[in-house]
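Participant: structure of the sequence below:
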Amino acid sequence: MMVRRAGDADGGANPPARRAVRNAKLAALPIAFAGRRAAGVGKRALGRPASEVNAEIQRRTAQHFFEVLGELKGVAAKLGQVLALYEFGLSPELAEPYRIALSRLQDATPPMLPRTVHAVLAESLGPDWRENFRSFEDRRAASATIGQVHRAVWHDGRTVAVKVMYPGAREAIHSDVEQLRRMTGLASIIVPNADIRALTEQLAECVTAELDFAAEAEQQQVFANAFADDPEFCVPRVVAQHGDVLISEWLDGIPLTRLISGGAQAERDRVGMLALRFVLSAPERSGLLYCDPHPGNFRVLPDGRLGVVDFGACVPWPPPEFPILVHDIGDALFNGGPAELEAAIRRHGFAAAGTTVDMRALSEQLLPYTDLLRHDIFRADSTWLRRRVRAGMSPRLSNVNRQLTMPAFYTPFARSILTLLGLVCQLGTTGPLRDEMLRWSPELAQVIARHRVRTEGSSDLTAARMRRAAAADRDAAAG
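Facilitator: Residues are numbered from 1 along each chain as shown. Below is the predicted model:
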């Protein structure tokens, strides 16, 4: 059966897949931005305050940006999800337009028309696809980066989630990659002066992997087996997978997006700790790293368990060098100084040979992250994360991050841990974060144990940090 392409002869109601349509929509973004800036010059000339005009330009650009990305899906939508994390680098009043526009990206993306969904099901499951179901709801239950989910009842009576890939998703992603490579400068709208070329390439690789529903089904079943009958977590089992359709057990629950916006703080703390435990424990329990822990992939089930969905972005973990990396860099931060930190980052490929790295600046940027391990109970919230992101995103040419590289094996972990940190901070999680982190990282536990011996059992790292800085200053003066 021939599958109708989304956006072809469907009145444009489906996410468009045709290269010309998609490229035109993406290309319109910088043109519209330039037009708003030109109009802003005239408004300022007429006496409107510059701050008011600039805020309006940002608001309208953010709305347009995320609306187009949400409509296009694929790499473009994933880029929108990741860029949304960078709102933490903006002041609250400037971040608000992006937060509003992102909510539209997540919640108001256009659905596939029923006839398009039926065509995909027929191509993947056969022309008699309805015989597999007692009932099938044409109205989508949720949207995903490269498809959407429908609720149905399987032929054996189980309620299932049917994930259907958008027709033309593969072609659309390849088109997105080429177009976004030409448009990385547009990121200055969201993050002024940031270079996101490497980010774009990584996103393209991740989303391309998510096109493989057979691999996703295999990874999901690995997680389902690893967490079977767990009192805290629920991973739906895979029911069937054919072509561009993946069928799993249905999970009823409250999305974390709703909990973030209006949940009681005690529940947010509990769920934040559960999300942290799931991601950190997954490699030991399943042999896989869960790379996409954003709020839309979690549900709070009626029995209190944390449900987890969407396993398209997973990689075998850890690689042999990773535990050594954790130990060496952690030991340099807690028990060493700039010289030990430089040796560690060079040993593990974070600085190219012959490159000069400002180790004092790098230490100052990394040490605040050790706050997570300083206290028995710690509150990770948006204010704390905003300070960290602002430092890392500084547009100054002297920003030490411009002097660093990232080894290829580390990229999936960076994506996973940064997204997880964003989720935990969005929830405003207060709890024993240190104990949870040390529970799943024996290498880091060794580092902290050594530090406690050196500091006579103190868990407060501030004094030790100040002693290291003073010693470094004395050494510099003596030199």
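Participant: check which helices and strands the helix or strand residue 328 falls within is in contact with.
Facilitator: Element membership for residue 328, per DSSP states H and E: helix 321-335. For helix 321-335, the packing partners by 3 or more CB pairs under 8 Å, 6 or more residues apart in numbering; DSSP states H and E come out as helix 338-347, helix 442-454. Yep, even glycine has a C-beta here, placed from its N, CA and C like the rest.
Participant: what comes up buried for the first one?
Facilitator: When you say that, I think you mean helix 338-347. Going by neighbour count (16 or more other CB atoms under 10 Å), the buried part of helix 338-347 is 338, 340-342, 344-345.
Participant: again with stretch 407-418
Facilitator: 409-413, 415-418.
Participant: just those residues: which are in strands?
Facilitator: Among the buried residues of stretch 407-418, none falls in strands (DSSP state E).
Participant: need the worst-confidence member of these.
Facilitator: By pLDDT, residue 411 ranks lowest within the buried residues of stretch 407-418, coming in at 80.
Participant: can you name the next helix or strand after the longest strand belonging to the chain?
Facilitator: Looking across the chain with DSSP E, the single longest strand is strand 133-143. Once strand 133-143 ends, the next helix or strand along the chain (criterion: DSSP H and E) is strand 147-154.
Participant: next, the angle from that following strand to strand 133-143.
Facilitator: 150 degrees (axes from the mean of the first three to the mean of the last three CA atoms, to 10 degrees).
Participant: who does strand 147-154 touch, helix- and strand-wise?
Facilitator: strand 133-143, strand 159-165.
Participant: neighbours around residue 157, how many?
Facilitator: 7 (other CB atoms under 10 Å).
Participant: how far away is the nearest residue to it once chain neighbours are set aside from residue 152?
Facilitator: Nearest in space to residue 157, with sequence neighbours left out and distances taken as CB to CB, 6 or more residues apart in numbering, is residue 134 at 6.9 Å. Going from residue 134 to residue 152 by CB to CB, to the nearest Å gives 8 Å.
Participant: with neighbour numbers in mind, choose between those two.
Facilitator: residue 152 (24 against 14).
Participant: is it true that that one touches residue 137?
Facilitator: Yes - at 6.3 Å, residue 152 counts as touching residue 137 under the criterion of CB atoms under 8 Å.
Participant: picking up where we left off before, what mean pLDDT does the longest strand of the chain get?
Facilitator: pLDDT averaged over strand 133-143 gives 94.
Participant: note down every partner strand of it and its orientation.
Facilitator: strand 147-154 (antiparallel) (DSSP bridges).
Participant: give me the buried positions along the strand it pairs with.
Facilitator: 147-152, 154.
Participant: show me what contacts residue 403?
Facilitator: 351, 355-358 (CB atoms under 8 Å, 6 or more residues apart in numbering).
Participant: and with 10 Å instead?
Facilitator: 350-352, 355-359, 361-362 (CB atoms under 10 Å, 6 or more residues apart in numbering).
Participant: and it, how far from residue 343?
Facilitator: With CB to CB as the criterion, residue 403 and residue 343 are 16 Å apart.
Participant: then residue 220?
Facilitator: Distance from residue 220 to residue 343, by CB to CB: 41 Å.
Participant: check residue 240 too.
Facilitator: 52 Å.
Participant: could you do residue 390 as well?
Facilitator: For residue 390, the distance to residue 343 - CB to CB - is 28 Å.
Participant: repeat that for residue 389.
Facilitator: If you go by CB to CB, the gap between residue 389 and residue 343 works out to 27 Å.
Participant: just residue 116 next, same as before
Facilitator: From residue 116 over to residue 343 (counting by CB to CB), the distance is 57 Å.
Participant: please apply the same query to residue 219.
Facilitator: For residue 219 relative to residue 343 (CB to CB), the value is 36 Å.
Participant: try residue 392
Facilitator: Distance from residue 392 to residue 343, by CB to CB: 22 Å.
Participant: one step back: farthest pair within the buried residues of stretch 407-418?
Facilitator: 409 and 418 (15.9 Å; CB to CB).
Participant: right, and residue 335 touches residue 370 too?
Facilitator: No - applying CB atoms under 10 Å as the test, residue 335 and residue 370 come out as separate, 11.4 Å apart.
Participant: confidence-wise, which of the contacts of residue 403 comes last?
Facilitator: Within these, pLDDT is lowest for residue 352, at 80.
Participant: now that residue: closest residue in space, sequence neighbours ignored.
Facilitator: Here the residue nearest residue 352, using CB to CB, 6+ apart, is residue 405, at 5.6 Å.
Participant: show me the contacts for the one you found.
Facilitator: 198, 345, 349-352, 355.
Participant: the same query, at a cut-off of 7 Å, please.
Facilitator: 349-352 (CB atoms under 7 Å, 6 or more residues apart in numbering).
Participant: now which of the residues you listed would you call buried?
Facilitator: For these, buried by 16+ other CB under 10 Å: 349-351.
Participant: residue 330: which of those residues is nearest?
Facilitator: Using CB to CB, the buried ones among the contacts of residue 405 come closest to residue 330 at residue 350, 13.8 Å.
Participant: the closest one in helix, strand or coil?
Facilitator: coil (DSSP: H, G, I helix; E, B strand; the rest coil).
Participant: show the low-confidence segments of the stretch 301-450 of the chain, by residue range.
Facilitator: Within the stretch 301-450 of the chain, the segments meeting pLDDT under 70 span 393-398.
Participant: go again using 90 as the cut-off
Facilitator: 313, 350-356, 374, 382-383, 385-412, 414-415, 418-419, 422 (pLDDT under 90).
Participant: doesn't residue 111 belong to a strand?
Facilitator: No - assessed with three-state DSSP, residue 111 is coil; it does not lie in a strand.
Participant: what separation do you get for it and residue 149?
Facilitator: 11 Å.
Participant: neighbours around residue 216, how many?
Facilitator: Residue 216, neighbours per other CB under 10 Å, totals 22.
Participant: ok, it - contacts?
Facilitator: Contacts of residue 216 (CB under 7 Å, 6+ apart): 210, 246, 311-312.
Participant: the helices and strands packed on strand 147-154: which one's closest to residue 294?
Facilitator: strand 133-143 (13.2 Å).
Participant: just the buried residues of that closest one, please?
Facilitator: 133, 136, 140, 142-143.
Participant: what do you get for stretch 308-325?
Facilitator: 308-315, 317-319, 322, 325.
Participant: among those residues, which are in strands?
Facilitator: 308, 314-315.
Participant: can you put these in CSV and add distance to residue 447?
Facilitator: Listed next are those as CSV, based on distance: CB to CB, whole Å:
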residue, distance to residue 447
308, 29
314, 27
315, 25
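Participant: residue 170: which of these is nearest?
Facilitator: So of these, ranked by how close each gets to residue 170 (CB to CB), first place is residue 314, at 19.8 Å.
Participant: would you map the strands across this protein?
Facilitator: Counting by DSSP E, the strands of the chain are 133-143, 147-154, 159-165, 233-234, 238-242, 245-249, 254-255, 288-290, 298-300, 306-308, 314-316, 378-380, 429-431.
Participant: just the buried positions in the fifth one, please.
Facilitator: With burial defined by 16+ other CB under 10 Å, the residues of strand 238-242 counted as buried are 238-239, 241-242.
Participant: for residue 188, give me the pLDDT.
Facilitator: On the pLDDT scale, residue 188 gets 49.
Participant: actually residue 470, not the one I typed
Facilitator: Taking residue 470 on its own, its pLDDT is 49.
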